[in-house]
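S.K.: Generate coordinates for the sequence data below:
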Amino acid sequence: MPQTPAPRAAQVHHITHPLVQHKLTLMRDREASSTTFRTLLGELAMLMAYEVTRDMPTQMVEIETPLEKMASPMIDGKKLVFASILRAGNGMLDGLLRVVPNARVGHVGLYRDPKTLEAVEYYSRCPPTWPSAT
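M.R.: You can find the predicted model right below:
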């Protein structure tokens, strides 16, 4: 029986870049202030955005340079949605949006059921991934 591939949302990106590891170490330091932690989290989110968008499809668009017209690859950020898992994910949102400012934003609220230890969704608000026709 053929196996079906895992859904795209199930993919995991393990980032081992030395700069990411360095910033994680600084964030974990008990002496790090709240301001330092937030700053590092934003920087870390920008680095993560770089890694997780590595394989995004692009389309060729025509632009005009100072010398001539040319076709060049571009990602359509309007089709991209970042879903922030409340509340911890909100700290990363600013850094992600610095890298992809046209991305849409959604929010998902989860808590862990104390008896079953299963995640329970209490809030979900995400924009459609494609702009409406109107």
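
S.K.: contacting residues for residue 126?
M.R.: By Cβ atoms under 8 Å, 6 or more residues apart in numbering, the residues touching residue 126 are 81, 83, 106, 107, 108. (C-beta placed from N, C-alpha, C; glycine too.)

S.K.: quick check, nearest of those residues to residue 26?
M.R.: Nearest to residue 26 among these is residue 83, at 26.6 Å by Cβ to Cβ.

S.K.: Who are the packing partners of the strand ranked longest in the chain?
M.R.: Ordering each strand of the chain by length in residues (DSSP state E) puts strand 104-112 first. Judged by 3 or more Cβ pairs under 8 Å, 6 or more residues apart in numbering; DSSP states H and E, strand 104-112 is in contact with strand 81-86, strand 119-125.

S.K.: partner strands of the longest one, parallel or antiparallel?
M.R.: Using DSSP bridges, strand 119-125 pairs in its sheet with strand 104-112 (antiparallel).

S.K.: now the partner strand and strand 81-86, what's the angle there?
M.R.: 30 degrees (axes from the mean of the first three to the mean of the last three Cα atoms, to 10 degrees).

S.K.: what is the mean pLDDT for stretch 32-41?
M.R.: If you average the pLDDT over stretch 32-41, you get 95.

S.K.: if we look at it, which residues are touching it?
M.R.: Stretch 32-41 is contacted from outside by 23, 26, 27, 91, 92, 95, using Cβ under 8 Å, 6+ apart.

S.K.: what's the burial count for the residue lying closest to the last one once chain neighbours are set aside?
M.R.: By that I understand residue 95. Of all residues not flanking residue 95 in the chain, residue 45 sits nearest, at 2.8 Å (Cβ to Cβ, 6 or more residues apart in numbering). For residue 45, the neighbour count with other Cβ atoms under 10 Å is 21.
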